[in-house]
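> Have a look at this prediction, sequence included:
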Amino acid sequence: MRPRATTLLACGTALAASIAALPAVAQSVPPDSAKTNEAGTLSTQAPPGIRPPRSQARPAEAMPGGNPGPAGLPQNIRWTEDWSKKPDADAPLLERIKHIPIAGDDVYLTLGGEARVYYTRWHHSSLGLKANDDNDPVQSRLRLLADLHVGPNLRAYLELGDNREFGEQFATPPNRNKLDVYQAFVDVTVPLGDAGKITFRPGRFEMPLGNGKLAGVREGLNMRFTYQGVRATYILPGKVSVDLFAVRPVQIYPGTFDDGPNHAQAFHGVYISAPNRIAGFGTDLYWYEFKRDRATLTAGTGRDDRNNWGARLWKRGPRWDLDLEATHQSGTFIDKDIDAYGVMFEGGYTFGQAPMKPRLGLRLNYFSGDKDAGDGKMGTFVPAAARLPLISEAAFFSFSNLMDIYPSITVKPTPSITVMAGPDFLWRARKADGVYIGPSGSSFAPYASSRSIGTDLNLEASWQATDRLAFRLWETYFAASDSFQAHGGKNGNYFGLMANYRF
């Protein structure tokens, strides 16, 4: 075992031991029905087809990361759950372990976990960039968590994880991580009276920001993005929340209790969010810097220090939902100055009174590419921790040198079933830059013919069978354009089937 892993294990063990005297937090997006749990990543974000209710326009809460989820329901981000209500004495065991009194009503322990099986099948996962790129692994994700609340201002959270991959043609590293400390942190909240609250969170944790598109959780693989460091959140309820963070991504190793901070990367910044500030729109402003000792782009491989300056307007209602975000990147890549940007729009209209509540959606994205490899500047946009299903669950493409238009239709045959379908038309932003495949930075070489890359034909269906059990299905067929095929690209196909149980 590595020395840093030994240190981390000791810290995790100490936290587990101290969990007999420590507190809690929560978050996620409930959909149409209070009894379903088609949760988005954040309280201000809803993926296409997930329609937040009116009650989502709630005041900000003193919790790093966003608002708590609805009481008494498992959530996508587990530390956003609210189990403060004591269950009845004759409630089932799985309900009673969610609130185990220790001292009065304010000191209680929550136990829980997750079991997920995810079958995926790719045909040409790299669309021809690499040979022998078919793959059909089965992912298994197991989680056990303990969440101790000591009054309203103290909390300790510990989550263990075990992640396996079976039947693969080639390994996907984030799918392989035997028993390890997945999350372990303490929240200490300092009340400031009428001036709000500030919460300090040291430890290891998931950290989606904003709508989770540029700094998300990577739900498609067994291991989400997690970070180690410190986060501080100031919130004036109903007015503003300010997040400050200084963390390093967690480096995933396949063994047991061997993960640790990646010292070749650093992530720090500030994220400000104000609900209902401009004509009823939420307003976000942010700056963060992501440093990597080694990054790969068409222009080469080397150090990448990238600042992100961004703003976002968003509104979620029972009919209209709109989300507009723009971000500019500066800094240096190897010896080049970075001048890159991205613009993301997502919106839709829901016919709430019509049968199956159809939603017509539109998504538009533009992520800049490099226009001239010899001008001493780098124009290729690179996200910090992208939610790749922004393009499709297949995650064929990264957010570099890419623009797309995705009209979609979503229907709900029953309150617990959601089906979405539509074509996603994809182009290169600049002909002088390549087509970037997946999150690695690998790309096809630039070519001078058409910018058209091809079209993703997407189908997604979800069934929330119970409050705890959900099933999801994805199918994406990528039809490559003639110009992309002429330069080595291939058609691709992705199929995914997931069963997820949270308790």
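Everything's here; your move.

> CA only for contacts and neighbour counts going forward, please
Noted.

> per-residue confidence at Ala16?
At Ala16, the model reports a pLDDT of 35.

> Could you shift the numbering so residue one becomes 249, and keep it that way?
Will do, 249 is the new start, and the previous item becomes Ala264.

> from memory Val434 sits against Pro450, does it?
Yes: Val434 is within contact range of Pro450, at 6.0 Å (criterion: C-alpha atoms under 8 Å).

> Those two: which is more packed in?
Val434 (25 against 18; other C-alpha atoms under 10 Å).

> wait, what's in contact with that one?
Pro271, Leu402, Arg403, Ala404, Tyr405, Phe448, Arg449, Pro450, Gly451 (C-alpha atoms under 8 Å, 6 or more residues apart in numbering).

> do the same with Asn748
Shown in contact with Asn748 (C-alpha under 8 Å, 6+ apart): Glu362, Ala363, Arg364, Val365, Arg716, Leu717, Ala718, Phe719.

> Out of those residues, who's the most crowded?
Greatest neighbour count in these, by other C-alpha under 10 Å, goes to Ala718: 21 neighbours.

> Tell me the bridge partners for it.
Here Ala718 sits in beta bridges with Gln712, Asn748, as judged by DSSP bridges.

> Just the pLDDT at it, thanks.
96.

> Low-confidence ranges, this protein, go.
Along the chain, the parts satisfying pLDDT under 70 run over 249-310, 313-314.

> one step back: is it possible to get JSON lines of the contacts of Asn748 that adds distance to Glu413?
Putting the contacts of Asn748 into JSON lines (distance: C-alpha to C-alpha, whole Å) gives the following:
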{"residue": "Glu362", "distance to Glu413": "16"}
{"residue": "Ala363", "distance to Glu413": "14"}
{"residue": "Arg364", "distance to Glu413": "12"}
{"residue": "Val365", "distance to Glu413": "10"}
{"residue": "Arg716", "distance to Glu413": "23"}
{"residue": "Leu717", "distance to Glu413": "21"}
{"residue": "Ala718", "distance to Glu413": "20"}
{"residue": "Phe719", "distance to Glu413": "19"}
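
> nearest to Gly508, of those residues?
The closest of the contacts of Asn748 to Gly508 turns out to be Glu362 (C-alpha to C-alpha; 22.6 Å).

> next one: phi and psi at that closest one?
For Glu362, the backbone dihedrals (degrees, to the nearest 10) come out as phi -150, psi 140.

> Please apply the same query to Lys334.
Here is the backbone geometry of Lys334 (degrees, to the nearest 10): phi -70, psi 130.

> Might you report the residue contacts of the closest residue to Leu545 other than its chain neighbours?
Using C-alpha to C-alpha, 6 or more residues apart in numbering and skipping the chain neighbours, the partner closest in space to Leu545 is Gly689 (5.3 Å). Counting by C-alpha under 8 Å, 6+ apart, Gly689 makes contact with Ala543, Thr544, Leu545, Thr546, Ser646.

> can I assume the fourth one is in contact with Val683?
The reference is to Thr546. No: using C-alpha under 8 Å, Thr546 is not in contact with Val683; the gap is 9.0 Å.

> out of those two, which sits in the more crowded spot?
Using other C-alpha under 10 Å as the criterion, Thr546 and Val683 rank with Val683 on top: 29 against 19.

> looking at it, that one is touching Pro694, isn't it?
Yes: contact criterion C-alpha under 8 Å: Val683 and Pro694 qualify, at 7.4 Å.

> I'd like the contacts of Val434 as JSON lines, with distance to Glu573 and secondary structure appended.
Below are the contacts of Val434 laid out as JSON lines (distance: C-alpha to C-alpha, whole Å; DSSP: H, G, I helix; E, B strand; the rest coil):
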{"residue": "Pro271", "distance to Glu573": "34", "secondary structure": "coil"}
{"residue": "Leu402", "distance to Glu573": "34", "secondary structure": "strand"}
{"residue": "Arg403", "distance to Glu573": "33", "secondary structure": "strand"}
{"residue": "Ala404", "distance to Glu573": "34", "secondary structure": "strand"}
{"residue": "Tyr405", "distance to Glu573": "32", "secondary structure": "strand"}
{"residue": "Phe448", "distance to Glu573": "28", "secondary structure": "strand"}
{"residue": "Arg449", "distance to Glu573": "27", "secondary structure": "strand"}
{"residue": "Pro450", "distance to Glu573": "29", "secondary structure": "strand"}
{"residue": "Gly451", "distance to Glu573": "29", "secondary structure": "strand"}
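
> which phi and psi does Glu641 have?
According to degrees, to the nearest 10, Glu641 has phi -60, psi -30.

> no no, Gly441
According to degrees, to the nearest 10, Gly441 has phi 70, psi -130.

> give me the number of residues near it?
Burial of Gly441 is recorded as 8 neighbouring residues (other C-alpha under 10 Å).

> Just the buried ones among the contacts of Gly689, please.
Restricting the contacts of Gly689 to buried positions leaves Ala543, Leu545, Thr546, Ser646, with burial counted as 16 or more other C-alpha atoms under 10 Å.

> what's the first one in contact with, if anything?
For Ala543, the contact set (C-alpha under 8 Å, 6+ apart) comprises Thr549, Gly550, Arg551, Asp552, Gly689.

> One more: Gly415?
Asp384, Pro385, Val386.

> closest to Thr504 among the contacts of Gly689?
Checking these against Thr504 with C-alpha to C-alpha, the nearest one is Ala543 at 27.5 Å.

> contacting residues around Val630?
Phe647, Ser648.

> Please disregard the earlier target; I meant Pro655.
Applying C-alpha under 8 Å, 6+ apart, the residues near Pro655 are Leu608, Gly609, Leu610, Arg611, Gly670, Pro671, Asp672.

> residues near Phe602, how many?
In this structure residue 602 is Ala, not Phe. The tally of other residues near Ala602 (other C-alpha under 10 Å) stands at 8.

> brain fart, Asp652
22.

> Can you list the strands that the helix or strand where it lies pairs with?
Using DSSP states H and E, Asp652 sits within strand 650-662. Strand 650-662 has the following strand partners under DSSP bridges: strand 607-615 (antiparallel), strand 665-675 (antiparallel).
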